[in-house]
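A.B. asks: one predicted model, sequence on top.
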Amino acid sequence: MDLLLSNFWAYTIGGLAFGAIYALIALGYTLVYGVLRLINFAHSEVFMWGSFAAVWVLLALGAKGATGLGLVAFLIIGFAAAMAVSAAVALGLEFVAYRPLRKRNSPPLIALISAIGASYVLSEAMGLRDKPFKWFGADDNLADYVGRPREASPLPLDVPTVRLFYIFDYHVSNIDLIVLGSAIVMMVVLDQFVQRSRLGRGIRAVAQDAEAAALMGVNRDRVIRLTFVIGGAMAGAAAMMYLLKIGVTRYNAGFLLGVKAFTAAVLGGIGNLRGALLGGFVLGVAESYGSALFGSNWKDVVAFTLLVVILLFRPTGLLGESLGKARA
Amino acid sequence: MNPVSSFFHGVADRFRALPRWGRLVVLAVVVVLVYFLPILNPPVITTPDSDFGAVLFLCAMYALVAIGLNIVIGYAGLLDLGYIGFFAIGAYTVGVLGSAHAKVPLLLCIPAAMAVTLISGVVLGAPTLRVRGDYLAIVTLGFGEIVRLILVNADKLTNGNRGISGIPTPPSLDLFGVPHLVWDGFVARVDLDNQTRFIKFSVVDSIPYYWLALTLVFFVLFLDWRMQNSRVGRAWEATREDEDAAELMGVPTFRFKLLAFATGAAIGGLSGALFATKQQFINPDNFTILYSVLFVAMVVVGGQGNRWGVVVAAALLTYLPERFRDLSDARFLLFGLALMALAIFRPQGLMPARRNVRAKRADEETEVLEEGAAHA
Amino acid sequence: MPDATKGPAGDSRPDANEPPKDLADEASVTKADEHRGTRVDDDSVLPPDEEAVPDTSVDISVEEVAHLPKGKMLEVDDVTLRFGGVTALDGVSFHINTGEILGLIGPNGAGKTTCFNVMTGVYQPTSGQARFMGEPLGKRQKFQITKLGIARTFQNIRLFHNMTAMENVLVGADAHHSTGMGSALLRLPKHKAEEAEGNDRAYELLRFMGLEKRADELARNLPYGDQRRLEIARALATNPKLLCLDEPAAGFNPAEKARLMELIQTIREQGYTVLLIEHDMKLVMGVTDRIVVLEFGKKIAEGLPAEIQDNPAVIAAYLGVDEDAS
Ligand SMILES: Nc1ncnc2c1ncn2[C@@H]1O[C@H](COP(=O)(O)OP(=O)(O)O)[C@@H](O)[C@H]1O
Ligand SMILES: [Mg+2]
């Protein structure tokens, strides 16, 4: 208790920063669920691939050691690479694992099985990435990229921690600022997009009533592709933030994070974009406080217990369900 | 219909056509063969890279898991992604009572394990079975992970990551020895130096554990059959088909869902107990959430609701990776690809429940009739 | 638009905490439903000798139902039900006497199905209450109300499609059974007795409905008309004091309708009380003892069939809508 009280703002800001990562991943779950009523189990792998994309691109560009404006440029490049690759993986996932099922009107459980299969494939492919290169004897030259594929790969970027200003007694660092700032920018852009643009309206329409939307001339397949791309890009952004906070990624880094992000989506009310954001932040902060109170070992237990408790009292999540009805 | 299921159903039809004594003889021969599999150690089938008896034990144990989970997913239609949690609780109940904190004999530990998992099933199910199906999946997934984290963190109770060793074995009888067969190519020879003691449970020989697990599988299958052919089984099926209509026909659906969930949990606990006594050492790494996913895959691959299908699927999904150890690095990758292919090309599972096949046949007949009518 | 709104993956699992979709959707039966009916309805695909012939000589009466005291069995007392802005029922009151066939009629969307839903515990009324045998239904759950003695059929057929006809009826019969896991596993005498009773009862009802030849067929493979009759058999299997039929003749041709009405009268003669929803006024005239008419959620008339026929308000209500369009 004392630990939490004496470092209240540190735990709060730390929780919010992690919450932002959960929230961005949760957006992907919630978007796809809203439109397809499908738990995109492989979304965590979309995140993981994005994180590797950032690592590799920055490695290839020799980002290590950059400072000043160069560092800023590399940061932006890292975000762009992660977002692009995550979006591409998400789109590929939709084409290979979900679209064929949709064409056959498979029941939800089967779609989930396909999603689970895809999740295994994506994460194991990353964990076995040395293999094809070994066959061609190219693994020595590429050791930085494919060596020790089951181990953690560090982000090749030196971001010095700079303490910028105080919030009460907590000295906010540049990393906190980058993570929270970029998350908020991303969220506002997405919110406006879904609310204002024609494509965004299409997403909402399909989520609310696919049949009616089709009658009104909304191209459902296009909307579905779009949701995967947007969800993927958000997961990519989350991947870069994760790298900034944690410093390393791994072939199985997505799994637990994915489960928690889905938890966040359910917590806020699945299918509801603002719900996903709220859920992410609530989860992040709750975990952070939980680790202060019970020790950091227990923070995951706190997260899931919170989920069960909230579902008990508010079965549709904090903000209620439905992508269509909620404004965003 | 796919060749696998038509093969199995063809065999089943032949079997049913036999007279009663014929069926008994066939059944007895098959059962004996299955029991003697590790003794016979047949070439091709046997696993060159790992202990065949141990592999068969795992097959039987996972079959038990699949039977339990089939009640939850296949009969009651509840997607449980945290089944490993119950398995772990069962194993740790045995570990804690039998070794870490007391020296309770195994035969008492097992019912205790089942009771504890049953209770945890009720405690988890009572709040969550009221929320919608998709949420159940995520809540159970979380549950599975919570259980593992508690095992890691509740150091005083579980020894944390160090795990629990010295878990008691079942009581041994040690009546006589059964010599193994060894194969020289396709020529068999009785190896008198290599005997399995009937029936002595020890680390050196997995075969008695296999026998124990197999016996449990048959026993639980029998109970499963009785359960399904009763008011309970009908209530589950009706609930899965149309929950509201079932409720309006007088089925207390919530109660029956909870019953399925808790029964499944207890069988998961039994399997976990079996695992613990065989391994004699357990730690939290044995219970990662990936196993939950594997269990669900067994049920879906086997054809939800088909008890023999899930048994075969469980055995195959356990056996194949062991048989083809050379591919062991890539086996999860292949497993994932197989799941995707299955979902896309064989969504009803390799061996769909008989009912679906029958329905399909009838549908085809109706279609033919309808077409005939349209032409007329 | 029912079902069409559901997800692409065929999300058909009913959700515990949403209003049950199909029940709610019965409110707006559209052309799609009718088509779904007629497509399967095409009885011509069956050889004529398989046409189901109800055997009304079978005794399906139940002791505890047949000798109920005379009087008001069910009272709907000033029930109002609102869905957001829509008032589906507006201060509706009527009652059903033991042993009668009461017709509940009204144009489509009048609130008839909603009325069933209130009586069977699907919806809680916004105000007012329903009383069964003098006792308020209160917050009783659906299955508890069924056990009290109200059984129903559905406007849109809701059989357990992947279970056989026999099993469907057995589920109904299980409503008055109490075999649990223990007696099922140990095959205790209770299990055996109840299975035997249930089988007898189910077979009796299937014969009564003329479905005994279909006993082992999956419900979804039955012709449309048989599915409708199977729903009635399943409801009767619960030994209901009050049998509620929601447009049981929907999608039937006139001859089939007439036969079904005879069947319903036989059911009453065997001691059951029947509440019959129908929007076709002519059809119910012959079979019902009394009629209650709803329009826009309000009761606009109540009385003997002859009175209803001449009631100007009823005539106006029915003139207001094109009867055949539904
Ligand atoms: N779950 C619901 N949500 C909103 N409106 C409903 C719901 N159920 C019924 N209604 C409305 O109640 C009215 C009466 O419907 P219903 O009882 O089905 O009529 P009918 O007499 O044809 O059976 C309709 O206007 C319908 O739109
Ligand atoms: Mg109606």
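C.D. replies: Great, that's in hand. Ligands and ions are numbered 1, 2, ... in the order given.
A.B. asks: buried residues in stretch A:127-141?
C.D. replies: Neighbour counts over stretch A:127-141 (16 or more other CB atoms under 10 Å in any protein chain shown) mark A:Gly127, A:Leu128, A:Arg129, A:Asp130, A:Phe133, A:Asp139 as buried. Where you see a C-beta, it was placed from the backbone N, CA and C, and this is true even at glycine.
A.B. asks: strands of chain B, start to end?
C.D. replies: B:164-165, B:176-184, B:187-198, B:281-282 (DSSP state E).
A.B. asks: so what's the residue count around the residue lying closest to A:Leu318 once chain neighbours are set aside?
C.D. replies: The spatially closest residue to A:Leu318, leaving aside those adjacent along the chain, is A:Gly268, at 5.2 Å (CB to CB, 6 or more residues apart in numbering or on different chains). Look at A:Gly268: counted by other CB atoms under 10 Å in any protein chain shown, it has 30 neighbours.
A.B. asks: A:Gly268 is in contact with A:Arg274, isn't it?
C.D. replies: Yes - counting by CB atoms under 8 Å, A:Gly268 does reach A:Arg274; the two are 7.3 Å apart.
A.B. asks: who touches both of those two?
C.D. replies: A:Leu319 (CB atoms under 8 Å, 6 or more residues apart in numbering or on different chains).
A.B. asks: what bits of the stretch 1-150 of chain A have low per-residue confidence?
C.D. replies: A:1 (pLDDT under 70).
A.B. asks: so A:Trp312 lies in a strand, does it not?
C.D. replies: Wrong residue type there; residue A:312 is Leu, not Trp. No - counting by DSSP: H, G, I helix; E, B strand; the rest coil, A:Leu312 is located in no strand; its state is helix.
A.B. asks: ok, it - contacts?
C.D. replies: By CB under 8 Å, 6+ apart, the neighbours of A:Leu312 are B:Pro127.
A.B. asks: surely C:Glu217 and C:Thr164 touch.
C.D. replies: Yes - with contact defined as CB under 8 Å, C:Glu217 counts as touching C:Thr164 (6.2 Å).
A.B. asks: which elements pack onto the helix or strand encompassing C:Gln265?
C.D. replies: Here C:Gln265 sits within helix C:254-269, counting by DSSP states H and E. For helix C:254-269, the elements it packs on are strand C:101-105, helix C:224-237, strand C:273-278, judged by 3 or more CB pairs under 8 Å, 6 or more residues apart in numbering or on different chains; DSSP states H and E.
A.B. asks: how big is the angle separating the longest one from helix C:254-269?
C.D. replies: What separates the directions of helix C:224-237 and helix C:254-269 is an angle of 10 degrees, with axes from the mean of the first three to the mean of the last three CA atoms, to 10 degrees.
A.B. asks: can you check the first one too?
C.D. replies: Comparing the axes of strand C:101-105 and helix C:254-269 via the same axes, to 10 degrees yields an angle of 140 degrees.
A.B. asks: so what strands line up beside strand C:101-105?
C.D. replies: Paired neighbours of strand C:101-105 in the sheet (DSSP bridges): strand C:273-278 (parallel), strand C:290-295 (parallel).
A.B. asks: beyond the first one, next helix or strand please.
C.D. replies: Sequence-wise, the next helix or strand downstream of strand C:273-278 (DSSP H and E) is helix C:281-285.
A.B. asks: how far out from the middle of the chain is that next one?
C.D. replies: Centroid separation for helix C:281-285 versus its chain: 17 Å, with CA atoms, centre = their mean, to the nearest Å.
A.B. asks: how about it, which residues are buried there?
C.D. replies: C:Met281, C:Leu283, C:Val284, C:Met285.
A.B. asks: so A:Asp191 makes contact with A:Asn272?
C.D. replies: No - counting by CB under 8 Å, A:Asp191 sits too far from A:Asn272 to count as a contact (11.8 Å).
A.B. asks: could you pull out the helices for the stretch 51-200 of chain A?
C.D. replies: Using DSSP state H, counting those that start in this stretch, the helices assigned to the stretch 51-200 of chain A run over residues A:68-93, A:99-103, A:108-127, A:130-135, A:143-146, A:174-196, A:198-208.
A.B. asks: would you list the ones you listed in CSV and tack on distance to C:Ile300?
C.D. replies: Listed next are the helices of the stretch 51-200 of chain A as CSV, based on distance: least, CB to CB, whole Å:
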stretch, distance to C:Ile300
helix A:68-93, 57
helix A:99-103, 48
helix A:108-127, 44
helix A:130-135, 78
helix A:143-146, 79
helix A:174-196, 46
helix A:198-208, 36
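A.B. asks: of those, which is nearest ligand 2?
C.D. replies: Comparison of the helices of the stretch 51-200 of chain A against ligand 2 by CB to the ion identifies helix A:198-208 as nearest, at 24.8 Å.
A.B. asks: kindly export that closest one (C-alpha atoms) in PDB.
C.D. replies: The C-alpha trace of helix A:198-208 is given here as PDB (Å, rounded to 0.1, in the frame of the first residue of the first chain):
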ATOM      1  CA  ARG A 198     -17.100   7.600 -45.900                       C
ATOM      2  CA  LEU A 199     -15.100   4.500 -45.300                       C
ATOM      3  CA  GLY A 200     -15.500   4.900 -41.600                       C
ATOM      4  CA  ARG A 201     -19.200   5.100 -42.000                       C
ATOM      5  CA  GLY A 202     -19.000   1.900 -44.000                       C
ATOM      6  CA  ILE A 203     -17.300   0.200 -41.100                       C
ATOM      7  CA  ARG A 204     -20.000   1.300 -38.700                       C
ATOM      8  CA  ALA A 205     -22.800   0.400 -41.100                       C
ATOM      9  CA  VAL A 206     -21.500  -3.200 -41.600                       C
ATOM     10  CA  ALA A 207     -20.900  -3.600 -37.900                       C
ATOM     11  CA  GLN A 208     -24.500  -2.600 -37.200                       C
END
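A.B. asks: mean confidence score for it?
C.D. replies: Summarised as a single mean, pLDDT over helix A:198-208 is 84.
A.B. asks: likewise for stretch A:304-320?
C.D. replies: 76.
A.B. asks: report the buried residues of that stretch.
C.D. replies: Quick answer for stretch A:304-320 (16+ other CB under 10 Å): A:304-308, A:310-311, A:315-320.
A.B. asks: what is the end-to-end distance of that stretch?
C.D. replies: 19 Å (CA to CA, to the nearest Å).
A.B. asks: check stretch C:182-196 too.
C.D. replies: In stretch C:182-196, first residue to last residue: 18 Å (CA to CA).
A.B. asks: run the chain-centre distance for the helix holding C:Gln265.
C.D. replies: 14 Å.
A.B. asks: for stretch B:323-332, same thing?
C.D. replies: With CA atoms, centre = their mean, you get 21 Å for stretch B:323-332.
A.B. asks: related to what we said a few turns ago, what lies in contact with the helix holding C:Gln265?
C.D. replies: Defining contact as CB under 8 Å, 6+ apart, one finds that helix C:254-269 is touched by C:54, C:56, C:60, C:99-101, C:209, C:225, C:228-229, C:232, C:236, C:243, C:245, C:248-249, C:252, C:274, C:276, C:280, C:283, C:286-287.
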